[in-house]
Structures are given as C-alpha cells and as structure tokens.
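Q: just a sequence and a predicted model for now, questions to come.
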Amino acid sequence: MNDLAHIVANRGLRHVLFSFTDLFGVQRAKLVPASAVAALAEGGAGFAGFAAWLHLTPADPDVLALPDPASLMVLPWQRDVAWVATDLVVEGTPLEQAPRRVLQQQLKRAEALGFEFRSGVEAEFFLLDPEQGGVADRFDRQSKPCYDQLSLMRRYPLISELIGAMEELGWGPYQADHEDANGQFELNWTFADALTTADRHAFFKVMAATLAEKHGCGVSFDPKPIEGLTGNGAHLHVSLWQGGRNLFHEPAGEKGLSTLAYHFLGGLLAHARALCALTNPLPASYRRLARASTSSGSTWSPAWISYGGNNRTHLVRIPDDQRLELRLPDGAANPYLLQAAVLAAGLDGIERRLDPGPRSDANTYTDPPAPGTAQPLPGSLEEALEAFAADTILQNALGSEFCSAYQELVALLPARGGGMRPT
C-alpha cells in the first residue's frame with residue numbers, strides 16, 4: 001500500500017480530489033474513490049490537457065496527475081473527502097509548463113544555493129450578492145470601511161467557520177479583518193515554506209468560495225471586482241532561511257535587514273515590470289494599480305518601482321527586521337507562479353549582487369518620485385507582457401517551455417472576452 005492509500009485508509013476517507021492548478025490559476029480535479037486511490041496514486045489520474053488552460057492540443061497524450069501525499073488536506077466541511085495537490089507528467093516526463101513544477105524548479109535552485117524560501121500571502125477577497133451583484137451586505141456602506149467591526153461581525157458565521165477550518169488544517173490562522181473596500185475581507189495564517197504556502201493559497205480559494213456559497217454569498221478574488229472600490233491584493237511576505245536561521249535578519253543592517261535581503265530586494269525591483277505579467281495577470285489588474293483613487297481615498301497598491309520602510313505606498317515595504325513585503329500581486333495571481341516568479345527575481349538579485357538603491361520615505365500617492373528617479377509600473381497587461389518577453393534573465397530562470405506556453409495562452413485573453421476568472 002502506497003503512502004497516500006495508507007493515509008486514506010487510516011483516516012477513513014471515502015474520496016480524494018486529485019487537483020492541479022492550470023496556467024491561469026483555475027483549479028482542476030478528479031474525484032477518486034478510496035478503492036482506486038492506490039492505483040491512481042501510482043499511475044496518475046488522467047486529464048486531457050487541452051481541456052484546461054495548458055498549452056496542449058487535443059492530439060497530445062493524457063496529462064497524468066500524480067498526487068503529493070504531503071499536501072493532503074481533509075475538507076473541514078466534508079470530512080470524508082480530502083484534497084491533494086498533484087504533479088503533472090506526460091508519458092513519464094514532468095510537464096515543465098505546469099505551475100507547481102515551475103515553483104519546484106525555483107525551489108531547487110534556491111536549495112542549491114543553500115537557501116530555503118519561506119513566504120506568507122494575504123489573500124483579499126470580496127463577498128458578493130450572487131443574484132443581484134455588488135456587495136452582499138447592504139449595510140456595509142461606510143466610505144472608509146476598513147476594520148469596520150459591525151460589518152465584520154455580521155459576517156461572523158462565515159469568517160469564524162473559515163478560521164476554524166484553517167485551525168483544523170494546522171495553518172495557524174491569527175487574525176481576520178474587514179478590508180478597505182465595502183464587502184472586502186482578509187484572513188491571515190502563519191507563513192511556511194513556499195510550496196506549502198502555495199498549496200494552501202490554492203486550497204484557500206476553493207475553501208472560501210465553498211463556505212461562502214453555504215452562507216449565501218459569492219466570492220471574488222478578482223483584482224477590481226467593483227469600480228471605485230479598492231481592489232483585491234495578494235501581498236507576499238518573503239524571507240530566505242538556512243538551518244532554522246532567518247538570513248534576512250541582521251540587527252546591524254539598515255532597518256535590521258542583511259545585505260542578502262537587500263540584494264534580493266534589488267532583484268525584485270530590477271524585474272518588477274516583467275513580474276507584473278505573472279503577479280497581475282488580468283486586464284483588470286491594471287485598474288487596481290494606483291492610477292486613480294477610490295471611495296476610501298486610496299488604492300493601497302503601488303504605481304512606481306520603489307521601496308520604503310514601513311510605508312504602504314511603495315512596491316516593496318519593509319514592515320520589520322524579518323522580511324520583505326511585495327505589495328504588487330493581486331488576487332488573480334496564480335498561487336504557484338506568484339511564488340516562483342518572485343523567487344526567481346530575488347535569486348537573480350543575490351547572484352548579481354544587485355543594489356536596490358536608497359530607500360524612499362515619501363508618500364508616493366501625494367509625492368511621486370521625481371522624473372528619472374523611479375520607473376512606473378506597466379499601465380496594461382500588454383505592456384507587462386512586453387516587459388516579460390524582453391526579460392531574458394527571468395525567462396531563462398522560469399524555463400522556455402513555461403514562458404512560451406504562458407505567453408501564447410495569455411495572447412488569447414481578448415478573444416475570451418476577459419473570461420479568465422480563477423476561483
């Protein structure tokens with residue numbers, strides 16, 4: 001009996017969702033009965049790759065999804081069913097364009113340099129009325145609704161169930177709040193190694209949508225689901241570790257960070273325009289980035305390639321002496337490609353010892369950088385894709401098979417009417 005079948009038998013599970021996340025962040029799955037888990041864990045669950053957002057044709061062989069037992073999570077709302085992330089192979093060869101594979105390759109690169117990449121993500125989302133559209137809570141009307149206690153507690157049945165589910169799964173949730181837009185919320189859980197964080201981020205989108213439906217709401221992680229309101233970010237907190245020691249922490253360093261951390265930061269800034277193609281993958285992503293204000297008075301998203309201390313107007317914030325926070329990504333970012341691209345950029349900064357330049361303490365919303373001192377972020381997905389195509393360092397790091405597949409599929413986006421809608 002293999003590891004997964006043993007786990008299934010010990011936990012009395014009836015079914016397992018063999019799941020993978022495609023290039024556009026959509027989760028695909030097959031429901032496998034316990035009686036078939038051993039066979040499919042060995043041989044893989046078969047998928048027609050062209051039927052998902054993978055760069056394959058109807059003539060290509062089956063994509064086989066091989067489960068990673070370490071990723072298994074029992075559904076807190078359906079405890080006889082578990083979810084497991086899978087790795088994709090075609091005729092015995094790993095599918096290099098698969099997002100989880102792209103992240104695994106970057107993690108191997110980091111490991112070869114002696115680093116463990118740890119991260120945490122802030123997955124903001126809206127609760128919407130599934131029939132009427134708009135915010136689900138008609139009483140949630142404040143012009144500055146962030147941290148609104150009454151609106152938070154009106155959603156207590158759902159939010160508390162989400163927190164309880166994360167506790168049951170062992171994620172270590174530690175807070176939940178109403179965010180800056182009407183109907184917008186965020187739950188935070190403890191950081192972990194990047195693959196674990198990516199698996200949890202992917203699963204969280206399914207869990208939030210499922211439990212919200214149970215409570216009569218729809219969920220949107222879209223970058224800008226409601227014009228005039230703050231969009232959904234997916235801020236990423238990152239650090240590199242070695243032997244249980246945080247390599248970003250250096251008490252004598254500026255803001256308590258090490259030279260290594262600043263080189264990583266230099267990589268993020270150097271590749272920021274190209275990163276947008278992956279961290280901000282929808283046309284709507286560029287309606288979130290700070291080009292116009294919102295009803296609350298701020299977009300809370302960056303517009304310039306700059307960094308500051310504990311200053312939320314910059315692309316990168318240094319919140320403390322332990323980590324960097326990248327404020328660029330939005331809710332449409334693929335959980336695996338987000339981690340992979342950020343790590344690839346940061347490792348390049350380390351390898352080339354890139355200098356991020358001086359920190360800015362300015363409020364860039366009211367005091368933008370002087371001409372020539374900082375580049376603006378792309379103003380459209382097309383502009384971001386051009387930057388990505390021109391960034392040979394990032395392309396080489398992420399792999400030609402993935403990059404060509406992603407770019408060719410994204411080029412079809414206008415033909416789909418903007419219909420790329422991850423969970």
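A: Yep, that arrived.
Q: which neighbours does the biggest strand by length in the chain have in its sheet, and in what orientation?
A: The strand spanning the most residues in the chain, taking DSSP state E as the definition, is strand 78-90. Next to strand 78-90 in the sheet, as set by DSSP bridges, lie strand 15-21 (parallel), strand 63-67 (antiparallel), strand 73-75 (antiparallel), strand 93-94 (antiparallel).
Q: how about those strands, which one is nearest Ser151?
A: Of all these, it is strand 73-75 that lies closest to Ser151, at 27.7 Å by CB to CB. Heads up, the C-betas are built off the backbone N, CA and C, glycines and all.
Q: avg pLDDT for the closest one?
A: Mean pLDDT, strand 73-75: 98.
Q: that older thread, same question for the longest strand of the chain: list its buried residues.
A: Using 16 or more other CB atoms under 10 Å as the test for burial, strand 78-90 gives 82-90.
Q: between those, which sits nearest Gly134?
A: Nearest to Gly134 among the buried residues of strand 78-90: Trp83, at 30.7 Å, using CB to CB.
Q: so who does that closest one touch?
A: By CB atoms under 8 Å, 6 or more residues apart in numbering, the contact set of Trp83 is 16-17, 19, 29, 72-73, 75, 203, 206.
Q: buried stuff in stretch 193-200?
A: 194-200.
Q: now Ile393. Nearest residue, chain neighbours left out?
A: Once flanking residues are discounted, Ile393 sits nearest to Asp348: 5.5 Å by CB to CB, 6 or more residues apart in numbering.
Q: quick one on the thing from earlier: let me know the closest of the buried residues of strand 78-90 to Gly133.
A: Proximity of those to Gly133 (CB to CB) peaks at Trp83, which lies at 29.3 Å.
Q: could you give the bridge partners of that closest one?
A: The partner residues for Trp83, given DSSP bridges, come to Leu17, Met73.
Q: before we move on, back to that, next secondary structure after the host helix or strand of the residue nearest to Ile393?
A: Taking DSSP states H and E as the definition, Asp348 sits inside helix 335-351. Where DSSP H and E defines the elements, the next helix or strand beyond helix 335-351 is helix 381-390.
Q: in that next one, what's buried?
A: Within helix 381-390, the residues scored as buried using 16+ other CB under 10 Å are 381-385, 387-388.
Q: can you give me the neighbour number for Pro76?
A: Applying other CB atoms under 10 Å, we find 17 residues neighbouring Pro76.
Q: er, Gly243 I mean
A: Neighbourhood size, Gly243 [other CB under 10 Å]: 7.
Q: so it versus Glu167, what's the distance?
A: Remark: distance between Gly243 and Glu167 (CB to CB, to the nearest Å) = 29 Å.
Q: most packed of the strands paired with strand 78-90?
A: Most buried of these, by mean neighbour count (mean count of other CB atoms under 10 Å): strand 15-21, with a mean of 25.
Q: just for this structure, where's the confidence low?
A: By pLDDT under 70, the weakly predicted segments of the chain are 1, 290-291, 413-423.
Q: give me the distance from the longest helix anywhere in it to the chain's centre.
A: Across the chain, the longest stretch assigned as helix under DSSP state H is helix 194-214. For helix 194-214, the distance from its own C-alpha centre to the chain's C-alpha centre is 11 Å (CA atoms, centre = their mean, to the nearest Å).
Q: which is the next helix or strand following that helix?
A: strand 218-220.
Q: pull up the pairing partners for that following strand, direction included.
A: Sheet pairing for strand 218-220, assigned by DSSP bridges, gives strand 125-128 (antiparallel).
Q: which residues outside the strand it pairs with are in contact with it?
A: By CB under 8 Å, 6+ apart, the list of residues contacting strand 125-128 from outside reads 134-137, 155, 158, 181, 183-186, 208, 212, 217-222, 225-226, 232, 331.
Q: can you give me the angle the longest strand of the chain makes with helix 194-214?
A: 130 degrees (axes from the mean of the first three to the mean of the last three CA atoms, to 10 degrees).
Q: now do strand 78-90 against helix 335-351, angle only.
A: If you take the same axes, to 10 degrees, strand 78-90 sits at 60 degrees to helix 335-351.
Q: tabulate the CA atom coordinates of strand 78-90 in PDB.
A: Provided in PDB are the C-alpha atoms of strand 78-90 (Å, rounded to 0.1, in the frame of the first residue of the first chain):
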ATOM      1  CA  GLN A  78     -16.800  17.400   4.100                       C
ATOM      2  CA  ARG A  79     -14.600  15.200   6.300                       C
ATOM      3  CA  ASP A  80     -14.900  12.100   4.300                       C
ATOM      4  CA  VAL A  81     -13.200  13.800   1.300                       C
ATOM      5  CA  ALA A  82      -9.600  15.100   1.000                       C
ATOM      6  CA  TRP A  83      -7.900  17.400  -1.400                       C
ATOM      7  CA  VAL A  84      -4.400  16.700  -2.700                       C
ATOM      8  CA  ALA A  85      -2.100  18.700  -5.000                       C
ATOM      9  CA  THR A  86      -0.700  16.800  -7.900                       C
ATOM     10  CA  ASP A  87       2.400  17.000 -10.100                       C
ATOM     11  CA  LEU A  88       1.800  16.600 -13.900                       C
ATOM     12  CA  VAL A  89       3.600  14.300 -16.200                       C
ATOM     13  CA  VAL A  90       3.200  13.400 -19.900                       C
END
